[in-house]
Each structure stands twice: as C-alpha cells, then as structure tokens.
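J.: Turn this into a structure:
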Amino acid sequence: MFYLFVALGAVLSGVIVCLAGWTGLRLAGFFLLLTLGCTAALLALYILILWVICLFIDRRKPQLKNDPFFRMLLNWTAELLFQAARVQVTVIGADKLPHGRYLLVGNHLSSFDPIVTAWALRKDRIAFVTKPENMRIPIVGSIIHKCCYLPIDRENSMNAVKTIQAAADLIERDVVSIGIYPEGTRNRSAEPLLPFRSGAFKIATKAGVPVVVAAVRGTDRIRHNFPWRPTAVTVDFHQVIDAETVSTSRTAALSEMTRNILLDALR
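T.: Next comes the predicted model:
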C-alpha cells in the first residue's frame, strides 16, 4: 500500500510539472523532491481521514462484533507500516491453524508483535488482549477497539476476570479468535521467555478451543533498523494444542505445557 502512495505522489508530481510547463532531465532532482513531498502529503491526508473517522467512535462502549471496515483499515495500515519500514514477514506453519476459533499464545519482544501477527492472520479475524494504555493511543486505540481488542487491567483482579470472560464470549460466539502474551510485558532479558502468567489461559478452557503456539522473531530489530536497513521477521505457528487436551488440563498445567512448546520453538 505504501507503494500506492508513492505512485500517486509521482503521478501528482508529473501533473504539477506538466501544468507548470517544465520539461527536461535537468528537472529530475526537482521531480524527485516533488514526488517525496506529494507522497508525504498523501500519507498525512490518510492519517487525517483516519483521525476524523475515529472521532465518532466511543471506546467506552463494549464492542460485541468485529467491524469489517475497521478490520480492513487495520490490515491496510499494517501493510503501509511494513512497506514504509521495509519489514519482510515470513509466515511458517499456517497450515497447522485450526479451522475454527482458537486462543493464540506468543512470545513478546516488541510493540510490533501483535501488528505482525495480526497481519500474518489477516485472512482470519483475531483480536488481542492488551494493556489499557494501547487502547488510549489516538487513532490506533479506536481502530483496534472496533476490531474487538480488549484491555486487561492486571492490577485489578475483578476487572481482569471480566476481560477473560468477555474474550471467551467473543470466541464462543465465533466473532474473533483471541491472542495473548502471557509474559505480561516485553521481554528485554537475555532469556528466551519470561515467566508466564497463567490467568489468561482460562480464555481457552472457558471457550473450549485449541491453543495455537506462535513464536515470533525479529520484531525487536525493527526500531533499530529503521530507516537504514530492512528487517526480516518470522511468525512461526509452531504447534496446536487440541481442544480436548485443553478441556482436560488445569490452567497452570496448560500454561506450563504452552511455555515448554514455545521454548522449544525459540531454540
């Protein structure tokens, strides 16, 4: 999608040059600068349109169904971001994904993790349980709210339980699949994984769905590489724990099982 903005910028620049009556190769540098300027202006216009659209969204109102329009905007914006930042996403193991709804569990390296994973699953509908601060980000918070993303207050156990139940309800009603990061925060340590918080696994046990274990690599390099170098990112849907195993497992045991699978995937 980023290249579409560049192409439109080039066309707009050409029209401006023609209208001005300037020709010749000596204008190549000017034409390049004009293309960059028009591309930046188109990108700014896109962001402005998103901002205006999001003004009419009440994020305090629970979102009970996935909004196809905002899901499309989410996918478009992710693709625009990846092309602009030169992020190359490789998806492994997509054939292992179950046909129905599921709980997706992944490692957490960067703020880009849910963006990359949602883009890898763009043909499906997935919503992440995320920290409340992300829901308050201008434009982004409104779009993900309309895509059924849920904030979880880890400091308030009663509110956390309500979020877990809401996530399970979304799965049971076939609205979206749910993604979680049981480490609870980005992993900046030398260890492959931080300790897991088991509570969110109740989403799978309540909904009676499989757990998809996804290992993400490379997202922590995006911020360091931009804008000078491209970044290779891998999303590996490593293994699926079937619904029967989930339903017969205690939450703590399911959490430990998932963590061991993820450790194996990250080796």
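
J.: burial count for Val211?
T.: Close neighbours of Val211, defined as other CB atoms under 10 Å, add up to 27. Heads up, the C-betas are built off the backbone N, CA and C, glycines and all.

J.: From Pro132, how far off is Asp124?
T.: For Asp124, the distance to Pro132 equals 25 Å [CB to CB, to the nearest Å].

J.: show me where the stretch 1-150 of the chain has strands.
T.: Using DSSP state E, counting those that start in this stretch, the strands of the stretch 1-150 of the chain run over 87-92, 103-106, 126-130, 150-151.

J.: right, so these: which one is the most enclosed?
T.: Across the strands of the stretch 1-150 of the chain, the average number of neighbours (mean count of other CB atoms under 10 Å) peaks for strand 103-106, which reaches a mean of 27.

J.: Quick check: Lys202 touching Arg250?
T.: No: in this structure, Lys202 is not within contact of Arg250 by CB atoms under 8 Å, at 10.3 Å.

J.: quick one, which of the two is more surrounded?
T.: Lys202 (19 against 11).

J.: circling back to that earlier point, I'd like to know which of the strands of the stretch 1-150 of the chain is closest to Phe69.
T.: strand 126-130 (15.4 Å; CB to CB).

J.: avg pLDDT for that closest one?
T.: Across strand 126-130, pLDDT averages out at 96.

J.: So Glu172 sits against Ile203, correct?
T.: No: between Glu172 and Ile203 there is no contact under CB under 8 Å: 10.2 Å.

J.: Which residue of these two possesses the greater neighbour count?
T.: Neighbour count, other CB under 10 Å: between Glu172 and Ile203, Ile203 has more, with 27 against 13.

J.: distance of the residue lying closest to Ser198 once chain neighbours are set aside from Gly93?
T.: Spatial nearest neighbour of Ser198, excluding adjacent residues (CB to CB, 6 or more residues apart in numbering): Ser255 at 3.9 Å. Here the criterion is CB to CB. By it, Ser255 lies 21 Å from Gly93.

J.: which of these two has more neighbours?
T.: When Ser255 and Gly93 are compared for neighbours, Ser255 comes out ahead with 22 against 17, by other CB under 10 Å.

J.: Is that one within a helix or a strand, and which one?
T.: helix 251-266 (DSSP states H and E).

J.: Tally up the residues packed near the closest residue to Ala78 other than its chain neighbours, please.
T.: Among residues not flanking Ala78 along the chain, Trp119 sits closest, at 4.4 Å (CB to CB, 6+ apart). Look at Trp119: counted by other CB under 10 Å, it has 21 neighbours.

J.: now do Gly199
T.: Neighbours of Gly199 (other CB under 10 Å): 20.

J.: That one contacts Ile164, doesn't it?
T.: Yes: between Gly199 and Ile164 there is a contact at 6.7 Å, judged by CB under 8 Å.

J.: What segments of this protein are helices?
T.: 2-20, 28-54, 68-85, 113-120, 132-135, 140-146, 157-172, 202-207, 222-225, 243-247, 251-266 (DSSP state H).

J.: To Leu97, which of these lies closest?
T.: helix 113-120 (10.2 Å).
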